[in-house]
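Peer 1: Compute the structure for the input listed below.
(chains A and B)
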Amino acid sequence: MDLAYISSFVGSVLAVATPILLVASLELLVQRSGVINLGVEGAMLIGAFTAYALTLYTSNPLLGFLSAMALGSLIAILFAMVAIYMRLDQIVVGISISIASIGITSYLYRIIAGYGPPPKISSSIGETLILKDIPIVGEIFFQTPLTPILLALPIAIWLILSRSVIGAMIKAAGEDPGKACRLGVEVAKIRLGVLALEGIAAGAAGALLSIGYYSSFLENMTAGRGYVAVALVILSSWSPAKLLLATLFFSLLEVSQLRLQALGIIDIPYQLTLSMPYIFTLAILAISSGGKRAPRSLGSSEYEC
Amino acid sequence: MGLSIFFLAPLLAISIFSLLSRIEVGETLYWIFWGGFSPSQIPETMLRAAPILITSFGLVAPYLARTWNIGSEGQMLLGAVASAWAGLHLGGLGILGISTSAVFGGVCGALWALIPAILKAYRGANEVFSTLMMNYLATYLVSYLLQGPLRSPTSLFPETAILSRDLWVEPLIPGTRLNAFALISPAVIAPATYILVARSTLGIILRVAGEGSEKARYFGVDAGRAMLATMLFSGFLAGVAGSAEVLGIHHRALPSISQGYGYLAIPVAVISTLEPRLILPLSIYLGGIVNGIEVA
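Peer 2: The predicted model follows:
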């Protein structure tokens, strides 16, 4: 347990936490506005694929990253159109989007890659950054360029929610959309806005997975991380500070499990490793569903103005 | 409106995908329909319609009570593996072994559905979310079982050993693979769905339970118990559909035992709660498309 090992361990925990925290922070805003968006899983996956495909063909990771964000927000806007404006069940719409995304991305990926080994992309975002080479600090905080920004994200979310007019409008939309609407808050537009932001974040998080960490794409590579983000928001009872802790806890769990397995201390089937995010999500649902802290109109698009 | 979406959505998806792969759209559709609905292919189509039919009949009950179980896929997989496991220990028992194995598959499917049902009843966990998680978990659990403890030592693939011959549900019509499950289930389920949805007190009780627990209590219906019961019922039938695949077709459990039947049953069941007479044609339509894609 020397310093180098500890710093690489902490670095891995932060690297795992980064994409989840990115999505979960914005999901927290979305849920405070009264919407539960399970389509983030799909937006992440489509973001991961878009970034991979574009980087593969143009060898320009920045372009891939930006287009992943654009497509992610398009997916979120699609969700908003169906769930907010047409008022279909939010959970059903979100899950349909996520399941459809698995099929679509796997199919398109097969067109690109055939059945051979996945073509790797030559340049990833991580390599363009030199900060990683700074000893210890670099290894901990600059696994990805986004990590330091992200650790500040929950604070930003907290500031928005508790100190700004927009935050007040978001909370009003989540607690009593009918009343908020009568007082002149444009509930649907607020929800559409936070959802679009979340879509951008989800696309970026997906891109981080594919062109940031793996330099490649795998079928269903997000593997439930979007669902985990949604569940973490519920676990943290809609508080940004607790969300940061909960995300770090999940990442710690995942990284230590992988490390222990790599060291041969525990021997568990790989299927158990893969199903970890789903078990975690299910456990959170079991523990903290029906919490009294939940925004009162969470999950319901029905309100009268 | 809903019906036209149901019929057109698969066609649209196929057209888009064949456009993307630069294949003639009209030709693809022609071959899929030929593969699904030409007279020589009808038995195979019926064979694929049977699990959709059985599962969607199970789902009609929770859907009437507005409990949205989307976990049939996982319940079916678990049922298939459980029934194969039981079957491997029941060789030589003939018809008794077949029925025990099918019931055991059903029970395991029901137990898999019981977990989200309990989470909903006692913790208020959203069942759409939790049953979806259970689907993923079932996929991984089955993958583990078929590669580990249940794997046949002589097989190259992750699958169980083959069941003993007397546990095979043999084809009833020579030259086809049409077994008793595929022949009997339409005859039983089509009228049963109609009675359940349109002609029975049970159907009304379930609908009342779906109106929310307050209102249901006013009519003397325990909504929580109705939810638990319908979840168990749908899990049981999904499990039986899985074991029908094992006993009737593959005679062993393998990871690809369900061609997405559990998901396909969802739209069929949703429409059947509104118009129960459509359950058979819709199942056959989807079975035909699945078979057509396989053949084409």
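Peer 1: contacts, neighbours, all on C-alpha from now
Peer 2: OK.
Peer 1: Show me what the lengthiest helix in chain A is packed against.
Peer 2: Ranked by residue count under DSSP state H, the longest helix found in chain A is helix A:3-32. Under the contact definition 3 or more C-alpha pairs under 8 Å, 6 or more residues apart in numbering or on different chains; DSSP states H and E, helix A:3-32 sits against helix A:137-141, helix A:147-163, helix A:165-175, helix A:187-207, helix A:225-235, helix A:240-262.
Peer 1: Buried residues in that helix, which are they?
Peer 2: A:7, A:9-32 (16 or more other C-alpha atoms under 10 Å in any protein chain shown).
Peer 1: about what we covered before: which one, of the helices and strands packed on helix A:3-32, ends up nearest to residue B:180?
Peer 2: Closest approach to residue B:180 among the helices and strands packed on helix A:3-32 (C-alpha to C-alpha): helix A:225-235, 40.9 Å.
Peer 1: Off-centre distance for the strand or helix carrying residue B:56?
Peer 2: In this structure, residue B:56 sits in helix B:42-64 according to DSSP states H and E. Put simply, helix B:42-64 sits 6 Å off its chain's centre (C-alpha atoms, centre = their mean, to the nearest Å).
Peer 1: Would you tell me what the next helix or strand after that helix is?
Peer 2: helix B:72-89.
Peer 1: touching chain A at all, that next one?
Peer 2: No. Between helix B:72-89 and chain A, judged by C-alpha under 8 Å from any C-alpha of the partner chain, nothing touches; the nearest distance is 12.9 Å.
Peer 1: circling back to that earlier point, and the helix holding residue B:56 with helix B:72-89, angle?
Peer 2: 120 degrees (axes from the mean of the first three to the mean of the last three C-alpha atoms, to 10 degrees).
Peer 1: Point out the other elements, helices or strands, that helix B:42-64 touches.
Peer 2: By 3+ C-alpha pairs under 8 Å, 6+ apart, helix B:42-64 packs against helix B:25-37, helix B:180-194, helix B:201-209, helix B:223-245, helix B:261-274, helix B:279-295.
Peer 1: what's the neighbour count on residue B:186?
Peer 2: The number of residues packed near residue B:186 is 21, by other C-alpha atoms under 10 Å in any protein chain shown.
Peer 1: wait, residue B:9
Peer 2: Residue B:9, neighbours per other C-alpha under 10 Å, totals 12.
Peer 1: Quickly note the distance from the residue nearest to residue A:240 when sequence neighbours are not counted to chain B.
Peer 2: Of all residues beyond its chain neighbours, the one nearest residue A:240 is residue A:154 (5.1 Å), with distances taken as C-alpha to C-alpha, 6 or more residues apart in numbering or on different chains. Distance of residue A:154 to chain B, given as C-alpha to the nearest C-alpha, to the nearest Å: 25 Å.
Peer 1: who are the neighbours in contact with residue A:154?
Peer 2: Residue A:154 is in contact with A:25, A:240-241, A:243-244, counting by C-alpha atoms under 8 Å, 6 or more residues apart in numbering or on different chains.
Peer 1: how distant is stretch B:193-204 from the center of its chain?
Peer 2: Using C-alpha atoms, centre = their mean, the offset of stretch B:193-204 from its chain centre is 21 Å.
Peer 1: pLDDT of the helix holding residue B:56, averaged?
Peer 2: Taken as a whole, helix B:42-64 has a mean pLDDT of 89.
Peer 1: Could you do stretch B:275-282 as well?
Peer 2: 86.
Peer 1: where does the chain dip in pLDDT?
Peer 2: In the absence of a named chain, chain A is used. Flagging of chain A using pLDDT under 70 yields the residue ranges A:1, A:114-146, A:289-292.
Peer 1: Please refer instead to chain B.
Peer 2: Short version for chain B, where the test is pLDDT under 70: B:1-2, B:296.
Peer 1: Stretch B:221-236 vs chain A: in contact?
Peer 2: No. When contact is scored as C-alpha under 8 Å from any C-alpha, no part of stretch B:221-236 falls within range of chain A; the minimum is 15.5 Å.
Peer 1: quick one: buried residues of that stretch?
Peer 2: Quick answer for stretch B:221-236 (16+ other C-alpha under 10 Å): B:221-224, B:226-236.
Peer 1: From those residues, pick the one nearest residue A:213.
Peer 2: Nearest member of those to residue A:213, counting by C-alpha to C-alpha, is residue B:235, at 39.3 Å.
Peer 1: so that closest one touches residue B:57, yeah?
Peer 2: No. Judged on C-alpha atoms under 8 Å, residue B:235 makes no contact with residue B:57 at a distance of 10.9 Å.
Peer 1: What residues does chain B have near chain A?
Peer 2: B:21, B:119, B:123-126, B:128-130, B:133-134, B:136-137, B:140-141, B:143-144.
Peer 1: Kindly recompute the last result at 10 Å.
Peer 2: B:17, B:20-21, B:68, B:70, B:116, B:118-120, B:122-145, B:147-148 (C-alpha under 10 Å from any C-alpha of the partner chain).
Peer 1: Out of these, which sit inside helices?
Peer 2: Short answer: the residues of chain B next to chain A in helices (DSSP H) are B:17, B:20, B:116, B:118-120, B:122-123, B:127-145, B:147.
Peer 1: Filter those residues down to the buried ones.
Peer 2: B:17, B:116, B:118-120, B:123, B:127-145, B:147.
Peer 1: The closest residue to residue A:169 other than its chain neighbours: neighbour count?
Peer 2: The shortest distance from residue A:169 to any non-neighbouring residue, by C-alpha to C-alpha, 6+ apart, is to residue A:185 (6.6 Å). Taking other C-alpha under 10 Å as the criterion, the count of residues near residue A:185 is 19.
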